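S.K.: Sharing a model prediction with you, sequence too.
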Amino acid sequence: MDTRTSPLANLLDPSLLKTDALIGAGWVKGSARFDVTDPATGLKLVDVADLGVAETRDAIAAAQAALPAWRGRTAKDRGAILTKWFQLMVQHADDLARIMTAEQGKPLAESKGEVVYGASFIEWFAEEGKRVYGETIPATDPRKRYLVIKQAMGVCAAITPWNFPIAMITRKVGPALAAGCPVVVKPAGQTPLSALAIAELGRRAGLPDGVLNVVTAAKSAEIGKVMCESEVVRHLSFTGSTEVGRILAAQCAPTIKKLSLELGGNAPFIVFDDADLDSAVEGALASKYRNGGQTCVCANRLYVQDGVYDTFVQKLAAKVQAIKVGNGFEAGVTQGPMIDDNAIAKIERHVADAVSKGAKVLTGGKRLHDRFFEPTVLTEANADMLCAREETFGPVAPVFRFQTEEEVLRLANDTEFGLAAYFYSRDIGRVFRVGEGLESGMVGVNTGLISTAEVPFGGVKQSGLGREGSRHGIEDYVEIKYLCLGDI
Ligand SMILES: O=CCCC(=O)O
């Protein structure tokens with residue numbers, strides 16, 4: 001790293017910049033290294049331990065060794081350590097945000113927002129761990145008593161994406177640790193530094209050796225396979241594409257692992273004639289362009305009713321033109337680079353395909369340079385376009401025209417995905433009909449922002465299994481055990 005020019009040169013606490021993996025009691029350099037680059041400049045930031053099968057097995061063994069003592073502590077004790085961890089993340093939010101912007105590219109203010117959002121999962125589950133209640137069931141035999149207790153699953157594994165380098169880890173690790181399960185995390189190859197920095201803070205907070213392990217590598221497939229095939233690992237949590245989720249699920253089948261999968265989406269964003277249009281434009285802006293469109297719950301298809309279509313697209317385009325694209329460290333920038341060249345290539349493919357099938361570019365439409373793409377609005381989109389079927393994962397809003405509620409519900413549900421959906425309407429009857437009729441795990445009604453630690457985040461259909469966050473988020477990390485007491 002060139003310490004004069006690197007965005008990581010000015011950390012308030014430089015010891016948060018870890019480049020070795022965390023396994024058991026210590027940091028592991030590994031025999032190979034891989035480069036982590038800044039997507040804004042393409043320049044190398046640092047190199048990081050590139051681990052493989054053997055080290056993943058070591059990490060699982062370290063977690064297994066830590067299990068009895070960690071599971072044996074009270075939920076209150078574990079909660080106290082997690083609360084300290086949460087506090088340290090908030091205290092070090094500026095440094096964590098710098099690290100995130102350097103490796104992921106999102107604007108610094110958005111990174112800071114993610115640090116606070118990510119930390120909130122640790123805070124939430126520090127408390128929620130104390131409420132893993134059992135049950136007593138009225139017995140049908142007077143000499144017996146039926147009890148239900150919930151116990152930590154065992155060793156858990158998590159494979160996390162680059163788009164939310166902290167929050168997607170804490171949303172998995174928070175409930176696992178609170179329930180008493182040690183974890184092995186494989187962060188995305190593009191963004192290991194945020195993961196390692198929060199792991200360092202976890203150690204400072206008092207997480208014992210082996211309770212949190214971070215196995216870094218450029219690629220995830222080999223490590224994921226070891227996690228899936230391990231008989232020690234009892235639960236795997238993954239956030240990423242449906243394609244990879246399917247492979248992991250198949251690899252987990254022989255060991256009958258519990259799975260939490262947060263997979264691909266194709267979120268519809270519907271604006272009815274009776275909507276508050278300015279509010280709908282604000283919602284579309286937040287939902288579509290957050291993190292440069294690289295969010296699994298980003299609106300992917302905007303459906304606007306005929307009567308308000310022209311006004312809506314004009315208002316949206318005016319706001320989109322005000323998005324400032326640039327290096328996330330520059331003041332005023334509201335959209336950073338895309339994560340890599342593949343991401344840009346997919347966006348370009350979607351725009352070219354849409355235009356070839358009749359879409360009009362109202363604003364944007366092309367790459368500015370390197371990994372920077374213009375915030376884009378496409379009008380007259382139709383169901384034959386790639387962007388109607390696949391997640392674009394970029395700052396492109398294709399706007400489809402529709403006539404009736406029935407038609408738009410059919411179009412919105414015409415996808416194998418079902419993660420998030422959004423709609424704007426001021427008709428209370430419609431709010432219930434459409435809210436209930438949309439086939440997705442989460443629905444934003446008159447809002448484009450739905451994510452927070454207190455709510456159940458997850459999808460239906462091929463968008464995943466299980467829920468993260470909320471009181472439900474800890475359920476995947478505990479086993480239900482029934483105790484039958486006889487001869488009372
Ligand atoms: O990209 C996935 C999740 C983002 C969020 O928590 O809203």
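M.R.: Perfect, I can see it now.

S.K.: Helix, strand or coil: sort out the residue in the stretch 201-350 of the chain positioned nearest to the ligand for me.
M.R.: Distance from the ligand to each residue of the stretch 201-350 of the chain (CB to the nearest ligand atom) is smallest for C296, at 3.5 Å. Heads up, the C-betas are built off the backbone N, CA and C, glycines and all. Per DSSP: H, G, I helix; E, B strand; the rest coil, the secondary structure class of C296 is coil.

S.K.: List the residues that contact the closest residue to the ligand within the stretch 301-450 of the chain.
M.R.: Nearest residue of the stretch 301-450 of the chain to the ligand, counting by CB to the nearest ligand atom: I450, 7.3 Å away. Neighbouring residues of I450 by CB atoms under 8 Å, 6 or more residues apart in numbering: 297, 420, 422, 442-444.

S.K.: In strands, which of those residues appear?
M.R.: Among those, the residues falling in strands (DSSP state E) are 420, 422, 442-444.

S.K.: any chance of those residues in TSV, with distance to A49 too?
M.R.: Listed next are these as TSV, based on distance: CB to CB, whole Å:
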residue	distance to A49
A420	35
Y422	40
M442	36
V443	42
G444	40
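
S.K.: Max pairwise distance over the residues you listed: which two?
M.R.: Y422 and M442 (9.2 Å; CB to CB).

S.K.: Who has more neighbours out of these two?
M.R.: Higher neighbour count among Y422 and M442: Y422, with 31 against 23, using other CB atoms under 10 Å.

S.K.: how many neighbours does G326 have?
M.R.: 17.

S.K.: Excluding sequence neighbours, find me the nearest residue to it.
M.R.: V333 (4.1 Å; CB to CB, 6 or more residues apart in numbering).

S.K.: Now do that neighbour: how many residues are near it, please.
M.R.: For V333, using other CB under 10 Å, the count is 20.

S.K.: Then P14?
M.R.: 11.

S.K.: Same check on D341?
M.R.: The number of residues packed near D341 is 12, by other CB under 10 Å.

S.K.: which residues does it contact?
M.R.: By CB under 8 Å, 6+ apart, the contact set of D341 is R371.

S.K.: separation between it and G42?
M.R.: Here D341 is placed at a distance of 9 Å from G42 (CB to CB, to the nearest Å).

S.K.: which residues do those two both contact?
M.R.: R371.

S.K.: if I look at the residue nearest to the spatial centre of the chain, how far off is E55?
M.R.: Nearest to the geometric centre of the chain sits M168, at 4.2 Å (CA atoms, centre = their mean). Separation of M168 from E55 (CB to CB): 22 Å.

S.K.: Then T37?
M.R.: 23 Å.

S.K.: just G283 next, same as before
M.R.: 44 Å.

S.K.: A strand includes V148, no?
M.R.: Yes. Judged by three-state DSSP, V148 forms part of a strand.

S.K.: nearest residue to it other than its sequence neighbours?
M.R.: Nearest to V148 is E135, by CB to CB, 6+ apart, at 4.1 Å.

S.K.: count of neighbours near that neighbour?
M.R.: E135 has 11 neighbouring residues, counting by other CB under 10 Å.

S.K.: Just confirm it contacts R145, I think it does.
M.R.: No. Taking CB atoms under 8 Å as the definition, E135 is not a contact partner of R145, at 11.6 Å.

S.K.: Can you report phi and psi for P268?
M.R.: Main-chain torsions, P268, degrees, to the nearest 10: phi -80, psi 150.

S.K.: ok, now which ones touch it?
M.R.: Residues in contact with P268 (CB under 8 Å, 6+ apart) are 299-303, 408, 411-412, 421-423, 438.

S.K.: how does it look with 10 Å?
M.R.: By CB atoms under 10 Å, 6 or more residues apart in numbering, the contact list for P268 reads 299-303, 388, 400, 408-409, 411-415, 417, 420-423, 438-440, 443.

S.K.: so it bridges to which residues?
M.R.: R301 (DSSP bridges).

S.K.: how far away is L316 from G364?
M.R.: Distance from L316 to G364, by CB to CB: 11 Å.

S.K.: what is in contact with these two at once?
M.R.: Shared contacts of L316 and G364 (CB under 10 Å, 6+ apart): 377, 397.

S.K.: Looking at those two, which is more packed in?
M.R.: A count of neighbours by other CB under 10 Å puts L316 above the other of L316 and G364, at 26 against 21.

S.K.: who does the helix or strand the more buried one falls within touch, helix- and strand-wise?
M.R.: Element membership of L316 [criterion: DSSP states H and E] is helix 306-321. If contacts are counted by 3 or more CB pairs under 10 Å, 6 or more residues apart in numbering; DSSP states H and E, helix 306-321 sits against strand 267-271, helix 277-289, strand 299-305, strand 360-363, strand 376-381, strand 396-402.
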